[in-house]
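Undergrad: model this:
(2 chains)
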Amino acid sequence: MLVEYSSLITLIALTAILAFSFYAVLIAGQLSLAQVGLASLAAFTASLVVPDEPLFGFIPPLVIGIVFGMCVGVIAAFILGLPVIRLRGVFLAIATLAFGEMVRIFLINQTWTNGAQGMSFPKLVGIGTAWIALAVVAFWFWRLSGSRMGRAFAAIREDELAATTMGIDVPRYRMASFVIAGAVAGLYGVLLAYFSRFADPNEFSFTAAIDGLVTAVVGGVTFFIGPVLGSVFLSVLPELQRVLGINAGWIRPTISGVLLLVVILFLPGGLSGLIPRRKSAKRLISDPAELPALPDLLEFGTELVRLQSLGKSYGGVHAVRSVDLTVNAGEILGLIGPNGAGKTTLVNMVTALTAPSTGTGTVLGINLTGNTKAHRLAQAGVARTFQQIKLFNRLSALENVLVGGYRITRDTLLRRLLFLPSARRWEREAVAMASAQLIRVGLGDKAANAAGDLSYGDQRRLEIARALASHPSLLVLDEPAAGMNHVEAARLSELIRSLAADGIAVLVIEHNVRMMLATCDRIMVLNFGEVIASGKPAEIARDPRVLEAYLGSSGSDEDAEAASVLAAEDLAETTAQSVRDHDRSQTPGATDATEPEDNR
Amino acid sequence: MQLFLDGIFLGSIYALFAIGFTLVFGILDRLNLAHAAVFTAGALVGIEIVTRFGVPIWLLIPIVLVFGAVLGILIERIAFRPLAGRHDAHFAGLISSIAFGAIILSLMQALYGADTRRFPTDAFTRVRVEILGATVSLLQVIILVISVSLMIVLTWLVAKSKLGRGMRTIAENPHAAAVLGLNVGRISSTTFALSSALGAVAGVLFTLNVNAASLGIGHAVELKALAVIIVGGMGSLPGALIGGLILGLAEVLAVNYIGSSWRDMVAFGLLFLILILRPQGLFGARKTREV
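TA: Numbering: from 1, shown residues only, chains lettered A, B, ... in the order given. A predicted model of the protein is given here:
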């Protein structure tokens, strides 16, 4: 029985390893088809270095082949990655596919590979070796999934831009996933060649790449066991049909095709989606004792942002012209203005998502130039939310906030591989930090919900929690109250004041002028890319130019409401002042109630 | 001159195949990997029709067009429409179209076996004509005329007709198109039908050109077509035409001057180079990301 199926069982393991190579890139949202090309490169070059006898008398030839093949895979993947890593989606798939085909044609035209005749290899791989190798690979991906690196991959898959603003160096992580895939592909190539005792470059074709991809996707890429399930399913299927006596040449591919179609259409998460499992990052850790030790924020009043005549033009259109601005630690600076005034462009420049066309700017000691990387600013302590919510929709609320903690947590992958206690402690610290932020914004009871399923207001709050998890010095909020009702907006206002009281500098864009007047220390008004007024809320409310800007604008509902608030503000200036005083007197009390980490 | 003409003939078939590919990608943002199977099926069914009924070429092409269109509608209904709205529609669409393509191919195998098939030797004209000092068969000229006129009709359809406006609206924003009252489902179906009709005809023309069809011909052309649409620019119809011609010429020249074993390197080398130097292709527009 075992003898009869030993080659099938070995092949299941090998196919699963190939599928893991696809899994490695798919978890980071990349579709690469270079894997079989890398595998073939590894297999054929390994044949040049693998000795007949154990090296130094004790290192088995296969070990040398595996190590060499994995190195070849890593190096080739890295070199391939340098030019193609910036491509996305289908383009990346096609470029890597072209690479795979180029490798194949190159190897076929070489004399040392025997060209299309193929090459024989000694049989060094059996059932045991194959499954041990698979176990090692699966173990690696299992430990990866709960580590900081695994979370970074997931974040990149869900939303690259948001991941960048969490401080994740997206190109580097994409390259990392590429190189990991290369190593696994190299392993697969060597094992396959030394198992089947024969290889010709044409076996590592486009079709083989597609088979590998299909195996990975059928198995599912949300759970590390997916590639194994996919491999079992797709390898056993033809065998099962053979046993059942289905022999006509065309029936088998038809049945396989139909089953594949059924799986992909009706099981969105692949086969591994069928396995019920414990979600690791679901439970809050609200014990303040487990919070990580964080560096103190900068002293109140320290200048964090200084912009000098910063401007941005698109073609001939000046989105922002010549803005001067400073933001200090512990201060709330509001940015208001009619729709299209250039507010979002301005904060995009402050967070290095948009390169300024003119002027200079410094944020947390980093100069804003065309080359400033957004993730570097994020690592320096800038966190932001987006006007159009950019959450990692398929991750749970807690997982979203955990990604936000990227900047202040350490990578745990290597320690997790060795099961060091520190890995567990660090992960618990990260969860505690994330839990504290969720509780602070009032989402403690929704930690396990997928971010995409939350209500609009909750999603806004979750974005703020995610930004806070990085322990930022500067927090940029782009329309945080959009879609919130008055009660929610008032609570948000309290939260923002409490953040400033902690020493965070908050730069906030908002259309809710009433809330802004009550929240901000200073307000800048932008219209047509220019600052038309700047000062304390009371001065802004009285400034006729501001009212005029809103009245004269194209007249969206938001702008009209802002204008009416400003008009009312003129009449009721004193009332507004008293409301503001009232709000501020409330703030310390509110802080105590909503901030568990103050107990630390 | 001979080389040049050979390149144009080959290139026009690549272009016809690729234009169907890029049509679906440009409008629906989906890569339909069952297109190669449609190509093969078109070729094999075409051979069957000619062998059995002896129809002339001017009747064969419309029949194959209809056959391809029906396949296209099936592909859209079965492999793509059920995925609408799924977050992984991209990956899933690739896989489901691969699966559907495999099913088409296995059915072809059931009907016609796995052997190479040919048109009956005397089915079509074998007149050879001389153009500018090069000898070409009349059949090749007919192939060129058919493929170029089909491409022109398609380009006109997309640029000028009401259907084409609907397609381009969907390409811009499917959601807004639905709000505007466009029947997105029907336009998607039509796009697939057009695309597959061209793919099936390309299969017939390819087979006429080399007079051999087997289950595997689709794969080779599929890879070439990917190169063509990247070189021309994803989603650009004129780009696919020019890309096809460039590739056809480059291959013929490569075979002549470098050797046939390196022929395929040309396509992929070109593809790789374009992707790195100008990812939007020669005729594609760069898409900007939004914050």
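Undergrad: which SS class is the residue of the stretch 351-500 of chain A found nearest chain B?
TA: Residue of the stretch 351-500 of chain A nearest chain B, by Cβ to the nearest Cβ: A:Leu353 (5.6 Å). Placement of C-beta: from N, CA and C, glycine included. What DSSP: H, G, I helix; E, B strand; the rest coil gives for A:Leu353 is coil.
Undergrad: neighbours around it, how many?
TA: If you count neighbours by other Cβ atoms under 10 Å in any protein chain shown, A:Leu353 ends up with 20.
Undergrad: Kindly list the main-chain dihedrals of it?
TA: phi -80, psi -20 (degrees, to the nearest 10).
Undergrad: Now do the same contact list for it.
TA: Neighbouring residues of A:Leu353 by Cβ atoms under 8 Å, 6 or more residues apart in numbering or on different chains: A:161, A:164-165, A:374, B:291.
Undergrad: By neighbours, which of the residues you listed wins?
TA: Going by other Cβ under 10 Å, A:Thr165 tops the contacts of A:Leu353 with 28 neighbours.
Undergrad: That one contacts A:Lys373, correct?
TA: No: checked against Cβ atoms under 8 Å, the pair A:Thr165 and A:Lys373 is beyond contact range at 10.9 Å.
Undergrad: Would you mind listing what in the stretch 51-200 of chain B touches chain A?
TA: Taking Cβ under 8 Å from any Cβ of the partner chain as the contact definition, the stretch 51-200 of chain B meets chain A at B:78-79, B:82-83, B:86-88, B:90-92, B:94-96, B:98-100, B:102-103, B:105-107, B:109-110, B:114.
Undergrad: cutoff 6 Å now
TA: Selection of the stretch 51-200 of chain B residues close to chain A by Cβ under 6 Å from any Cβ of the partner chain yields B:82, B:91-92, B:95-96, B:99, B:102-103, B:106, B:109-110.
Undergrad: among those residues, which are in helices?
TA: Counting by DSSP state H, the part of those found in helices is B:91-92, B:95-96, B:99, B:102-103, B:106, B:109-110.
Undergrad: Please tabulate the contacts of A:Leu353 in a markdown table, including the columns pLDDT.
TA: Formatted as a markdown table, the contacts of A:Leu353 follow (pLDDT from 0 to 100):
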| residue | pLDDT |
| --- | --- |
| A:Leu161 | 92 |
| A:Thr164 | 94 |
| A:Thr165 | 93 |
| A:Ala374 | 91 |
| B:Val291 | 34 |
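Undergrad: related to what we said a few turns ago, can I get the ones in helices among the residues of the stretch 51-200 of chain B next to chain A in CSV including neighbour count?
TA: Converted to CSV, these look like this (neighbours: other Cβ atoms under 10 Å in any protein chain shown):
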residue, neighbour count
B:Phe91, 21
B:Ala92, 20
B:Ile95, 25
B:Ser96, 27
B:Ala99, 26
B:Ala102, 22
B:Ile103, 23
B:Ser106, 23
B:Gln109, 19
B:Ala110, 14
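Undergrad: give me every residue that touches A:Leu346.
TA: A:Val320 (Cβ atoms under 6 Å, 6 or more residues apart in numbering or on different chains).
Undergrad: Could the C-alpha coordinates of the helix or strand containing it be exported in PDB?
TA: Counting by DSSP states H and E, the element that carries A:Leu346 is helix A:343-350. In PDB, the C-alpha atoms belonging to helix A:343-350 read as follows (Å, rounded to 0.1, in the frame of the first residue of the first chain):
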ATOM      1  CA  LYS A 343      -6.400  71.000   2.800                       C
ATOM      2  CA  THR A 344      -5.800  67.300   2.000                       C
ATOM      3  CA  THR A 345      -3.000  68.200  -0.400                       C
ATOM      4  CA  LEU A 346      -1.300  70.100   2.400                       C
ATOM      5  CA  VAL A 347      -1.500  67.300   4.900                       C
ATOM      6  CA  ASN A 348      -0.400  64.800   2.200                       C
ATOM      7  CA  MET A 349       2.700  66.900   1.900                       C
ATOM      8  CA  VAL A 350       3.200  66.900   5.600                       C
END
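Undergrad: what's the closest non-adjacent residue to B:Leu144?
TA: With Cβ to Cβ, 6 or more residues apart in numbering or on different chains as the criterion, B:Leu144 has its nearest non-adjacent residue at 5.2 Å, and that residue is B:Ser12.
Undergrad: Count the neighbours of the one you found for me.
TA: 26.
Undergrad: That one and B:Ser149 touch, don't they?
TA: No: between B:Ser12 and B:Ser149 there is no contact under Cβ atoms under 6 Å: 10.5 Å.
Undergrad: Any residues of the stretch 51-200 of chain A in contact with chain B? List them.
TA: Within the stretch 51-200 of chain A, the positions adjacent to chain B are A:83, A:87, A:90-91, A:94-95, A:98, A:101-102, A:105, A:109 by Cβ under 6 Å from any Cβ.
Undergrad: okay, these in a markdown table with neighbour count, secondary structure and pLDDT next?
TA: Shown next, in a markdown table, are those (neighbours: other Cβ atoms under 10 Å in any protein chain shown; DSSP: H, G, I helix; E, B strand; the rest coil; pLDDT from 0 to 100):
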| residue | neighbour count | secondary structure | pLDDT |
| --- | --- | --- | --- |
| A:Pro83 | 15 | helix | 88 |
| A:Leu87 | 18 | coil | 84 |
| A:Val90 | 19 | helix | 80 |
| A:Phe91 | 18 | helix | 84 |
| A:Ile94 | 25 | helix | 85 |
| A:Ala95 | 27 | helix | 88 |
| A:Ala98 | 28 | helix | 88 |
| A:Glu101 | 28 | helix | 88 |
| A:Met102 | 19 | helix | 89 |
| A:Ile105 | 20 | helix | 88 |
| A:Asn109 | 15 | coil | 86 |
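Undergrad: Throw those into CSV and include distance to B:Ala197, thanks.
TA: Listed next are these as CSV, based on distance: Cβ to Cβ, whole Å:
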residue, distance to B:Ala197
A:Pro83, 37
A:Leu87, 31
A:Val90, 23
A:Phe91, 27
A:Ile94, 24
A:Ala95, 29
A:Ala98, 28
A:Glu101, 28
A:Met102, 32
A:Ile105, 32
A:Asn109, 38
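Undergrad: so which pair among those residues is furthest apart in space?
TA: Between any two of these, the greatest separation by Cβ to Cβ is 28.6 Å, found for A:Val90 and A:Asn109.
Undergrad: my read: A:Leu368 touches A:Gly361, true?
TA: Yes: between A:Leu368 and A:Gly361 there is a contact at 3.8 Å, judged by Cβ under 6 Å.
Undergrad: tell me what the lowest-mean-pLDDT helix or strand in chain B is packed against?
TA: Using mean pLDDT, DSSP states H and E, strand B:128-131 stands out as the lowest-scoring helix or strand of chain B, at a mean of 74. Taking 3 or more Cβ pairs under 6 Å, 6 or more residues apart in numbering or on different chains; DSSP states H and E as contact, there are no helices or strands that strand B:128-131 lies on.
Undergrad: In contact with A:Ala93, which residues are there?
TA: Here A:Ala93 is in contact with A:31, A:33 (Cβ under 6 Å, 6+ apart).
Undergrad: Assign a three-state SS to it, would you?
TA: The three-state label given to A:Ala93 by three-state DSSP is helix.
Undergrad: now swap in A:Leu310 and tell me
TA: Strictly by three-state DSSP, A:Leu310 counts as strand.
Undergrad: wait, doesn't it sit right on A:Thr354?
TA: No: contact between A:Leu310 and A:Thr354 fails when scored by Cβ under 6 Å: they sit 10.5 Å apart.
Undergrad: Tell me the residues that contact both of those two, please.
TA: Joint contacts of A:Leu310 and A:Thr354 (Cβ under 6 Å, 6+ apart) do not exist.
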